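Q: Mind looking at a prediction? Sequence and model below.
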Amino acid sequence: MHRSPAAMVTKPMVDPNITISTPRDPNTLSNYHNWLNKHTAANFEIDFQKRILKGGVTLTLESLTDKESKEINLDTSYLSISAVRIGGKEANWTLKDRLEPYGSPLTITLDSGIPKGEKFDVEIDLETTEQCTALQWMTKEQTSNKKHPYMFSQCQAIHARSIFPCQDTPDVKSTFSFALRSPLPVLASGLPTGQKDYANGTLLYTFEQSVPIPSYLFAIASGDLASAAIGPRSTVWTGPEELLACKDELDGEIEPFISAVEKIVRPSYPWTQYNVLILPPSFPYGGMENPVWTYATPSIISGDKQNIDVIAHELSHSWSGNNVSAASWEHFWLNEGWTTYLERRIQASLHGPAHFDFSAIIGWKALSESIELYGRDHDYTKLIVDLKGKDPDDAFSSIPYEKGFHALYAFDRLLGREKWDRFVAHYFDTFKFQSIDSYDFKSCLLEFFAKDEEASKKLNEFDWDRLFYAPGYPPKPDFDDSMVKVCYELSAKWEQRVQNGDTSFTPCKHDTKSWIANQSVVFLESLYDLAASMSRDDVLLLGSTYGFQDSKNIEVVSRYFQIGLRAKVEDVYEPTAELLGKIGRMKFVRPLFRLLKEADEKLAKETFERNRSFYHPICRGMVEKDLFGEEK
Ligand SMILES: CC/C=C\C/C=C\C[C@@H](O)/C=C/C=C/C=C\[C@@H](O)CCCC(=O)O
Ligand SMILES: [Zn+2]
């Protein structure tokens, strides 16, 4: 995702007089070092009319101290809580003042401490509110067939607390049961266990997640959903009108991905089913690795199977992130770096090694854009970031993905593939079902090779401080550039034409004929700097010759619009505004809005206001900051 300087405006900091004394994770107000959430039972009615969830949660907590703590602090954000019970009796509780960006801690005071290891249930009755940041509610008019309303959640990074009180930290994992009443089909991040109790046009949908998961992997969705099989343990879910296109795109693709990862990691796929929910276009990310059901943007359904690498990525999270989890958002690279690495290993295994390098070259471009936007010395360009008092959403960029990938790929090359792969299997097996930080990763690697003199010498000489704390670019390896060479050769010809008026090169549709869509992406990205000097004729010729302007592949058409906006070619302004009303994936929306603002600020702001309710609350907030800064 691209960042604009406006998006980096610092938020009000937490009150310095309040100590957030939790080990490892500074982004929770819960005292999870005193109490540990072991199981979460979520019981909600999905009220489409009021746009709220109403019901409650029961948290099974274990005391981690021997009667020392009498206070339980849970994360909440914009919740309406009506009762808290322990052992069936009303407890003494209060909702403290809001502390940006972490919300209002729910403090429950006990009459007496609880012996270490003892477990008890805390029942909380609540409703979500209009300000909930985790849920998007859509009217039936906002859906594609306009027949039924729709709702879905996105809890990463710290939005679960706006659905239910919890220890909202990836350092805590609990099993989950879900009981969700709705007039429309429901999905959740567990295995389905049935539908029952028909009442007033609604059913109770139940799910169980017996693998402990962190709160950010809590996920629910409900709407007019249909499903089709896409593999022996996989189904795709989406609106009935979109189902066949989604099935065609994904059918038969999942099992080869799973087998490719299982060749290098352990344990085998731990979540029983791997299903995909294709969401409405306002879904703000490419994909979200919710267990059992990956949530994905419809923009990956491009009809050419060219964007299903997003699914390879989300599936890889089944091991990295969902099973072995970063203990705090400061070590997010452990989730995303490993996942990006595994995703590229899948591509190499299915399509050949050049695809590993091709994807890494595209990733390097995304990395450099993020680093340049933040500035090369910015703390958020480090592998381990300092998020004390910060909102993790503000630190999100391609950096943990790509710098994380380079950290791991560096060890792959340093140790050699055979040794490294032995460690990869060991790492995922050692830390399965746990939350770890970068230092756990380091000691695991050092210990694994302790008896291998050659490997251990290399690892001890390795500059770990630079890896973890140096801002800016990581060392750039030599990539196999066979797949990008043709793209750069064509862009060199365009450069000659644009800058030196060299008309001996006549663009022709055959220039890109044998390319895959991502080669067009590389080509367009390589023209980005040149775009500022391109004439209207050049831009229109580029779009019409290669069919970029009408491409159904959003990765391609959005890059083409970026060129047109950079060149200030008015012909692309309206089509850009139109696209911005059809897609809410921030990867596309934010750079397009930023460039549209530079080209035509009025149109950019009008386009945002017109589509305000279409965007997901996370995207809405980010674009608002990008367009209006602090002025709103
Ligand atoms: C150093 C950053 C620390 C923490 C950030 C953690 C979460 C941030 C948050 O904004 C949530 C991100 C969710 C991402 C989901 C999926 C991505 O893989 C999508 C990537 C962009 C895209 O393809 O659309
Ligand atoms: Zn990811």
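A: Okay, I see it. Ligands and ions are numbered 1, 2, ... in the order given.

Q: Can you give me the domain assignment for this structure?
A: 30-223, 328-469 (automatic domain parsing).

Q: Let me have these in a markdown table, adding distance to Glu289 and mean neighbour count as columns.
A: For glycine as for every other residue, the C-beta is placed from the backbone atoms N, C-alpha and C. Converted to a markdown table, those look like this (distance: least, Cβ to Cβ, whole Å; neighbours: other Cβ atoms under 10 Å):
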| stretch | distance to Glu289 | mean neighbour count |
| --- | --- | --- |
| domain 30-223 | 8 | 19 |
| domain 328-469 | 8 | 19 |
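
Q: for the nearest residue to Trp338 once chain neighbours are set aside, what are its contacts?
A: Once flanking residues are discounted, Trp338 sits nearest to Ser320: 3.5 Å by Cβ to Cβ, 6 or more residues apart in numbering. Counting by Cβ atoms under 8 Å, 6 or more residues apart in numbering, Ser320 makes contact with Leu334, Asn335, Trp338, Thr339, Leu342, Phe428.

Q: looking at the sheet around the nearest residue to the first one once chain neighbours are set aside, what are its partners?
A: The shortest distance from Leu334 to any residue that is not its chain neighbour, by Cβ to Cβ, 6+ apart, is 4.2 Å, and that residue is Ala326. Note on Ala326: beta-bridge partners Ile436, judged by DSSP bridges.

Q: From the structure, what's the count of residues near Ala326?
A: For Ala326, the neighbour count with other Cβ atoms under 10 Å is 28.

Q: With ligand 2 as the reference, measure out to it.
A: From Ala326 across to ligand 2, the span is 11 Å (Cβ to the ion, to the nearest Å).

Q: So that residue versus Leu110, what's the distance?
A: Plainly put, Ala326 is 31 Å away from Leu110 if you go by Cβ to Cβ, to the nearest Å.

Q: Which residue or residues pair with the residue nearest to Trp338 through a beta bridge?
A: Assigned bridge partners for Ser320, using DSSP bridges, are Val324.

Q: By mean pLDDT, which helix or strand of the chain comes out lowest?
A: When the helices and strands of the chain are scored by mean pLDDT, DSSP states H and E, helix 617-628 comes last with a mean of 93.

Q: Would it count as contacting ligand 1?
A: No. Helix 617-628 lies apart from ligand 1 when judged by Cβ under 6 Å from any ligand atom; the minimum separation is 6.9 Å.

Q: got it, and stretch 355-375?
A: No. On the criterion Cβ under 6 Å from any ligand atom, stretch 355-375 is out of touch with ligand 1, staying 9.3 Å away.

Q: same question for that stretch, mean pLDDT?
A: In this model, stretch 355-375 has an average pLDDT of 96.

Q: next one: stretch 320-340
A: Here the average pLDDT along stretch 320-340 is 98.

Q: Likewise for stretch 457-475?
A: Here the average pLDDT along stretch 457-475 is 98.

Q: Need the contact partners of it.
A: Against stretch 457-475 from outside (Cβ under 8 Å, 6+ apart): 367-368, 371, 376-379, 381-384, 403, 406-407, 410, 414-415, 438, 442, 445-446, 449.

Q: Might you enumerate the residues of the stretch 351-500 of the chain proximal to ligand 1?
A: Taking Cβ under 6 Å from any ligand atom, the part of the stretch 351-500 of the chain that reaches ligand 1 is made up of Val385, Pro392, Asp393, Ala395, Phe396, Pro400.

Q: What is the nearest of these to Met288?
A: Nearest to Met288 among those: Phe396, at 12.5 Å, using Cβ to Cβ.

Q: rewinding a little: against ligand 2, which of the contacts of stretch 457-475 make the cut? List them.
A: Restricting the contacts of stretch 457-475 to those touching ligand 2 (Cβ under 5 Å from the ion) yields no residues.

Q: For the stretch 151-300 of the chain, which segments are assigned as helices?
A: Secondary structure of the stretch 151-300 of the chain (DSSP state H, counting those that start in this stretch): helices at 243-250, 254-262.

Q: Now render the ones you listed as a markdown table, adding distance to Phe614, mean neighbour count and mean pLDDT.
A: Below are those laid out as a markdown table (distance: least, Cβ to Cβ, whole Å; neighbours: other Cβ atoms under 10 Å; pLDDT from 0 to 100):
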| stretch | distance to Phe614 | mean neighbour count | mean pLDDT |
| --- | --- | --- | --- |
| helix 243-250 | 21 | 18 | 98 |
| helix 254-262 | 30 | 19 | 97 |
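
Q: Need those in JSON lines (columns: distance to ligand 2).
A: As requested, the helices of the stretch 151-300 of the chain are exported to JSON lines (distance: least, Cβ to the ion, whole Å):
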{"stretch": "helix 243-250", "distance to ligand 2": "18"}
{"stretch": "helix 254-262", "distance to ligand 2": "14"}
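
Q: what sits against the residue of the chain found nearest ligand 1?
A: Proximity of the chain to ligand 1 (Cβ to the nearest ligand atom) peaks at Gly286, 2.6 Å away. Contact analysis of Gly286 by Cβ under 8 Å, 6+ apart lists Ala296, Thr297, Ser299, Ile300, Val310, His313, Arg585, Lys587.

Q: The first one - nearest residue in space that isn't next to it in sequence?
A: Looking back up the chat, that one is Ala296. Per Cβ to Cβ, 6+ apart, closest to Ala296 is Gly287, 4.4 Å.

Q: mind checking pLDDT for the one you found?
A: For Gly287, pLDDT reads 98.

Q: now do the one 3 residues further on
A: According to the model's per-residue confidence, Asn290 sits at a pLDDT of 98.

Q: what does the protein have sitting close to ligand 1?
A: So the chain meets ligand 1 at 1, 156-157, 285-288, 329, 332, 385, 392-393, 395-396, 400, 585, 587 (Cβ under 6 Å from any ligand atom).

Q: before we move on, the earlier item: go through the contacts of Gly286 and name the one nearest ligand 2.
A: Among those, His313 lies closest to ligand 2 (Cβ to the ion), at 5.5 Å.

Q: Please identify the helix or strand for that closest one.
A: If you go by DSSP states H and E, His313 is part of helix 309-316.

Q: what inclination does that helix have with respect to helix 254-262?
A: 50 degrees (axes from the mean of the first three to the mean of the last three Cα atoms, to 10 degrees).

Q: how about helix 309-316 against ligand 2, any contact?
A: No. Helix 309-316 stays clear of ligand 2 (Cβ under 5 Å from the ion), getting no nearer than 5.5 Å.

Q: circling back: will you turn the domains of the chain into TSV that also has distance to Gly629?
A: TSV is the format used below for the domains of the chain (distance: least, Cβ to Cβ, whole Å):
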stretch	distance to Gly629
domain 30-223	17
domain 328-469	14
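
Q: Determine the longest helix present in the protein.
A: helix 353-374 (DSSP state H).

Q: circling back to that earlier point, mind checking which of the residues of the stretch 351-500 of the chain next to ligand 1 land in helices?
A: Within these, residues falling in helices by DSSP H are Pro400.

Q: Serialize the residues of the stretch 351-500 of the chain next to ligand 1 to JSON lines and add fields for pLDDT.
A: Compiled in JSON lines, these are given as follows (pLDDT from 0 to 100):
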{"residue": "Val385", "pLDDT": "98"}
{"residue": "Pro392", "pLDDT": "96"}
{"residue": "Asp393", "pLDDT": "92"}
{"residue": "Ala395", "pLDDT": "95"}
{"residue": "Phe396", "pLDDT": "95"}
{"residue": "Pro400", "pLDDT": "98"}
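
Q: Among the residues of the stretch 351-500 of the chain next to ligand 1, which ones are in strands?
A: Applying DSSP state E to those, no entry is found in strands.

Q: And the residues of the stretch 351-500 of the chain next to ligand 1, which is closest to ligand 2?
A: Pro400 (8.9 Å).

Q: need the contact list for that closest one.
A: Counted by Cβ under 8 Å, 6+ apart, Pro400 has contacts Phe332, Trp333, Asn335, Glu336, Gly337, Leu383.

Q: Can you show me the CA trace of stretch 154-162 as CSV?
A: Coordinates of each C-alpha in stretch 154-162 appear next as CSV, following Å, rounded to 0.1, in the frame of the first residue of the first chain:
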residue,chain,number,x,y,z
GLN,A,154,-12.1,-6.6,9.4
CYS,A,155,-10.4,-6.8,12.8
GLN,A,156,-6.7,-6.5,12.0
ALA,A,157,-4.9,-4.8,13.6
ILE,A,158,-6.8,-3.5,16.7
HIS,A,159,-10.5,-3.3,15.7
ALA,A,160,-11.8,-6.5,17.4
ARG,A,161,-12.2,-4.4,20.5
SER,A,162,-14.9,-2.4,18.7
